[in-house]
Each structure stands twice: as C-alpha cells, then as structure tokens.
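Undergrad: With the input below, show me the fold.
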Amino acid sequence: MSPTDPPDFEHLAARIKAWGAELGFQQIGISDTDLSQAEQHLQQWLNKNRHGDMHYMAAHGLKRSRPGLLQPGTRSIISARMDYLPEIPVHSHAMLDDPAAAFVSRYALGRDYHKLIRNRLQKLADQMTAAVGSFGYRAFVDSAPVLEKAIAEKAGLGWIGKHSNLINRRAGSWFFLGEIYTDLPLPADASASRHCGQCRACLDICPTQAIVAPYQVDARRCVSYLTIELHGSIPEDLRPLLGNRIYGCDDCQLICPWNRFAKLSAEADFKPRHKLDRATLLELFAWTESEFLQKTEGSAIRRIGHQRWLRNIAVALGNGAASTAAKAALSEKLRHESELVREHASWALLQLDKKSLQMSTE
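TA: As a prediction, this is how the structure comes out:
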C-alpha cells in the first residue's frame, strides 16, 4: 500500500497492530465511537457525586463520551495497551505487610508513562501517514476527556472488572492505555466479554470499601483519590484505613485472580527509581521540597506536590508503630509552614500517643 493507492482498511488495521507490537505495545484494538452505554454509566456516577472533587470529570459536557465532539470527524478509535508491572506481587505484599515501609502504587515507581506512550502513539500515527497519506487524528494518554477503559473494552483489549479497572484474560490488569482518534473508517474489533463471574475478591479487599457494589466505585472513599486527587484534608474516619499507602493503592489488582497471568514489563522506564519500591516512611518523610522535586522529576508522583506528599506520609506514620523516631519526625513537622501538613502531623502524633498509652497499661 502506498499513499497514492485507495486505502485497504482491513489490511491497514492489520498493519497498525503489527506496527504497535514493534513499538512495544502488548496489544492494539480498534473500536467505533458509540459509547452510549458508558455515557449512561458515567452520568449516573456523576449524579451520585462519586467523583468527589474531581470536577474535571463533569467539566466537558458530552465530549468524554462522544468522541466526535472532542475530535470532530472521528470515525474510529485505535486503543493500545502497554504492560507496566515492575516487580513480582510478592514484593508488593511484603511492603504492605510492613507498617514502616512506604507503599507507592506500582504504576508510579518508575518514570511517568504519559510521555513514553504518547511518543509511541505518535510514531504509530507517523507510520500510518507514511502508508496512506495525510489523515485526521489526535493521540491521547490521559490528556483529555476520554473514556479510555470503555473504549478499550469495545476494542477487545479486555473488560471492565468489578473494581472498574480493565482486565485482560491473558495479561491481567497491570497495563496503561492510550488512544488515537482518527477519521479513517477502520474495521472495529469485537468487544471483550466479561469474566468476573461470582468473584468479589476486589470488593472484599478494598481497604476503605470504596467499591460500593460490583462495577461501582465511590472515588470519595478510594485510597488513590484520597492520596492523589484530593487537595485538602483527608477525612479523619478514613485515615486509619490507609495503612502505609502513601500514593495510590493496588490492593484490588493484587488480589485479582486474573493477574496470575500478568507479565513483568520489559520497559526500562517503568523500573523503580530512587528505591521507591523499598523505601521507608521515615526516609521519604525527611525529603525536603527540593529533594522531592529532584527525585520525582519525570515521575507521576510530582503532581501531588511536596505538601500532599508529607500529608500522606504523616497519616501512614500515624498508622504505624509508636517509635521514638516516628514521633520525633512528626513533631518536627508541627512547625511546617503548611497548615495541611501540620494538621495531619498532629493527628498522627495523637494516634501514636494513644498507642503508647495503651502499651503502657497492658
């Protein structure tokens, strides 16, 4: 096929999938633009205010569920997935079981995936242009109002599980997604069927019971929301439930039986940086703002800023052992310029004092 030949879209779709594999994607799927069912689910979720302070989820009208409004002329959507699992799950379980350890969601241990996947999608679009000539497209990686999981499900990359993550029968759920909206009439793949069955492991394991029913997540209770999206104070009744999770939460993925098929990522950029896969709470709590900015450069973690980083770690320390070192570190933060940090450090100290008192009376 050359840019001067009439496009054979069946052949082009096959080539797109082959090019995607060469670029490091584990799977490419193609869908149409009908997201009416997902739109209804999204609207019900918003009506119940389960998005919390994530006002951007409701800020774009119907653009999120109607691709043609976001990118006029869109006729097909190319959906891509890339594995990111950086370590075997036993290491993650060990971190969660150690109250002194700082648990960071596995997707954030390495470099920020947005730029890497966006660059790969651009290379894929360039190969398409070389094959068929100029065409209309736009690539996304969490960069616009896109219902990426609903699109991926329609494209056959997996099904949306009861925890709201996408699950692939041969790869589990440890992967990132990206999309190319295009005006090319590419043939759509068959959508994925659901295979959660009667399993409710993710509902039962959720630390804060944020999965309020199968396929329904109340973000206001979700650890990922509380530690990443929420800008203000973490509700006091939820703080003890966070344990040592300081950035995101992977419990629902770690317990999912389909993840026995997950494979470790071969991408060097997804490997842990700055020993975040084995750091202690006290080590990370000691980072100055300049250290935080330096060590989170190119990382998804940087988006929360140093104050929320300290907020999260203070809560985790309050959930841990009442050690002299923990009390000293928290006491020092009572003089922090941020009221948010001071509040959570004060709460954490109170929890440790209660534990010390209880130990002395036993």
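
Undergrad: By neighbour count, which bits of stretch 292-307 are buried? Give me those.
TA: 292, 295-296, 299-302, 304-307 (16 or more other C-beta atoms under 10 Å). For glycine as for every other residue, the C-beta is placed from the backbone atoms N, C-alpha and C.

Undergrad: Pull the distance from it to the chain's centre.
TA: 16 Å (C-alpha atoms, centre = their mean, to the nearest Å).

Undergrad: Please, where are all the strands along this protein?
TA: 27-31, 76-83, 103-104, 137-140, 159-160, 166-167, 175-182, 211-213, 216-217, 245-247 (DSSP state E).

Undergrad: Which elements pack onto the fourth one?
TA: Secondary-structure packing of strand 137-140 (3 or more C-beta pairs under 8 Å, 6 or more residues apart in numbering; DSSP states H and E): helix 113-132, strand 175-182.

Undergrad: tell me the contacts of residue 261?
TA: 168-172 (C-beta atoms under 8 Å, 6 or more residues apart in numbering).

Undergrad: Generate a PyMOL selection restricted to the buried subset of the residues you listed.
TA: In PyMOL, a selection of the buried entries from the contacts of residue 261 looks like this (16+ other C-beta under 10 Å):
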select buried, resi 168+171+172
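
Undergrad: Go through the strands of the chain and pick out the most buried.
TA: With neighbours defined as mean count of other C-beta atoms under 10 Å, the strands of the chain peak in mean count at strand 245-247, which reaches a mean of 27.

Undergrad: could you give me the average pLDDT of it?
TA: Averaging pLDDT along strand 245-247 yields 98.

Undergrad: Likewise for stretch 343-350?
TA: Stretch 343-350 comes out at a mean pLDDT of 98.

Undergrad: Run through who's touching that stretch.
TA: Residues contacting stretch 343-350 (C-beta under 8 Å, 6+ apart): 233-234, 236, 239, 310-311, 314-315, 317-319, 327, 330-331, 333-334, 336.

Undergrad: what comes up buried for that stretch?
TA: Result for stretch 343-350 [16+ other C-beta under 10 Å]: buried residues 343-345, 347-349.

Undergrad: got those residues as JSON lines, with distance to residue 79 columns?
TA: Shown next, in JSON lines, are the buried residues of stretch 343-350 (distance: C-beta to C-beta, whole Å):
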{"residue": "343", "distance to residue 79": "42"}
{"residue": "344", "distance to residue 79": "39"}
{"residue": "345", "distance to residue 79": "43"}
{"residue": "347", "distance to residue 79": "43"}
{"residue": "348", "distance to residue 79": "42"}
{"residue": "349", "distance to residue 79": "48"}
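
Undergrad: out of those, which are inside helices?
TA: 343-345, 347-349 (DSSP state H).

Undergrad: quick one on the thing from earlier: closest to residue 280 among the contacts of residue 261?
TA: residue 172 (28.5 Å; C-beta to C-beta).

Undergrad: Contacts only, for the closest one.
TA: 85, 253, 256, 258-262.
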